[in-house]
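Undergrad: Provided below are the primary sequence and the corresponding predicted coordinates.
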Amino acid sequence: MFVFILALLIIWPIAELFVMVQVTDMIGFFWMLFLLFASAVSGILILRHRGRAHWRRFRGALDERRPPAKEAFDGVMITSGALLLIIPGFITSALGLFLLFPPTRWLVRLAAMTLFASKFKVAATTATWSNAGYNRYRAGRRPDYDVEGEAVDVTERPDGEPLPQLRSGTESSEDQVDRNT
């Protein structure tokens, strides 16, 4: 694995430079720079806009109490695609565009689930509240019960010194203790 990553770190920049030189020969240096700049700006804008939209979809799935697996995977793919657009290079931009389109995201999701399905464990759980109980809780109506207890008036510190008396006003007890010490 280490050799693969090391080879990737060496070969990838060389491939990016090769593609940049080929594009420069075809369209010119300044147009190549313009395309790289436009790719980075579009990646930033996509990351801003689509990131918020997918975060809302993710939160919506959680609010509907359904597993947000599709939304989470799409969010990761869109974020990865936008970040690949920001990185300068035509190969990374092509990979970023591949991850941004919904049909190709579906293919990537299908391939990932096929390859890694054995790694995931699905567990079914039951809710402890019924919908009525949860809705009552969300509406602010708490159950009617009385808690037995006792209040103790603390008049001294754990080290045995008496607590200073609070004076009337807006300052808190910590301010008075700090000022008295």
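TA: Nice, thanks for sending it over.

Undergrad: Mind listing what's buried along the helix or strand in which L17 is found?
TA: For L17, the host element (DSSP states H and E) is helix 2-27. Buried residues in helix 2-27, counted by 16 or more other CB atoms under 10 Å: E16, V19, M20, V23. Backbone N, C-alpha and C define where each C-beta goes, glycine included.

Undergrad: next one: stretch 41-51
TA: Within stretch 41-51, the residues that count as buried by 16+ other CB under 10 Å are S42, G43, I46, L47, R50.

Undergrad: Give me the mean pLDDT for that stretch.
TA: Averaged across stretch 41-51, the pLDDT comes to 88.

Undergrad: Residue numbering should commence at 820 henceforth.
TA: Yep, numbering from 820; the last one is stretch 860-870 now.

Undergrad: Can you dump the C-alpha atoms of it in CSV for me?
TA: Provided in CSV are the C-alpha atoms of stretch 860-870 (Å, rounded to 0.1, in the frame of the first residue of the first chain):
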residue,chain,number,x,y,z
VAL,A,860,-13.6,29.2,-9.0
SER,A,861,-16.4,26.9,-10.1
GLY,A,862,-15.2,24.3,-7.5
ILE,A,863,-15.4,26.9,-4.7
LEU,A,864,-18.9,28.0,-5.8
ILE,A,865,-20.1,24.4,-6.1
LEU,A,866,-18.7,23.6,-2.7
ARG,A,867,-20.6,26.6,-1.2
HIS,A,868,-23.9,26.1,-2.9
ARG,A,869,-24.2,22.3,-3.1
GLY,A,870,-22.7,21.8,0.3
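
Undergrad: can you list contacts of that stretch?
TA: Residues outside stretch 860-870 that contact it (CB atoms under 8 Å, 6 or more residues apart in numbering): G894, I897, T898, G900, A901, L902, L903, L904, I905, G915, L919.

Undergrad: Excluding chain neighbours, what is closest to the second one?
TA: This means I897. Of all residues not flanking I897 in the chain, R869 sits nearest, at 4.9 Å (CB to CB, 6 or more residues apart in numbering).
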